[in-house]
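In: can't give you the sequence, but here's the structure:
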């Protein structure tokens, strides 16, 4: 089962458009990354690292 172990940064501008590094375990191949209920663009670097962009 996938688990998030770290998120950096932990906050960002209210206007969005900021990248967030997501670290965890067993990411596999997710089909979506969300901040709250909003789906965001993301890339998978490895089974333990992903980067997502918070939308405005």
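Out: Looks like it came in fine. Only a predicted model underlies this, so the values are computations on that prediction, with no experimental measurement involved.

In: buried ones in the least confident helix or strand in the chain by mean pLDDT?
Out: Lowest by mean pLDDT, DSSP states H and E among the helices and strands of the chain is strand 33-35, with a mean of 87. Buried residues in strand 33-35, counting neighbours by 16 or more other C-beta atoms under 10 Å, are found at residue 33. (C-beta placed from N, C-alpha, C; glycine too.)

In: The closest residue to residue 34 other than its chain neighbours: neighbour count?
Out: Distances taken as C-beta to C-beta, 6 or more residues apart in numbering place residue 40 nearest to residue 34, at 6.6 Å, with adjacent residues excluded. Around residue 40 there are 16 other residues, counting by other C-beta atoms under 10 Å.

In: Dig out what residue 40 forms beta bridges with.
Out: residue 33 (DSSP bridges).

In: Quickly run through the sheet partners of the strand ranked longest in the chain, with directions.
Out: Using DSSP state E, we find that the single longest strand of the chain is strand 18-25. Under the criterion DSSP bridges, strand 18-25 sits next to strand 3-8 (antiparallel), strand 49-54 (antiparallel) in its sheet.

In: Just say which of the ones you listed is most tucked in.
Out: Stretch with highest mean neighbour count among the strands paired with strand 18-25: strand 49-54 (a mean of 17; mean count of other C-beta atoms under 10 Å).
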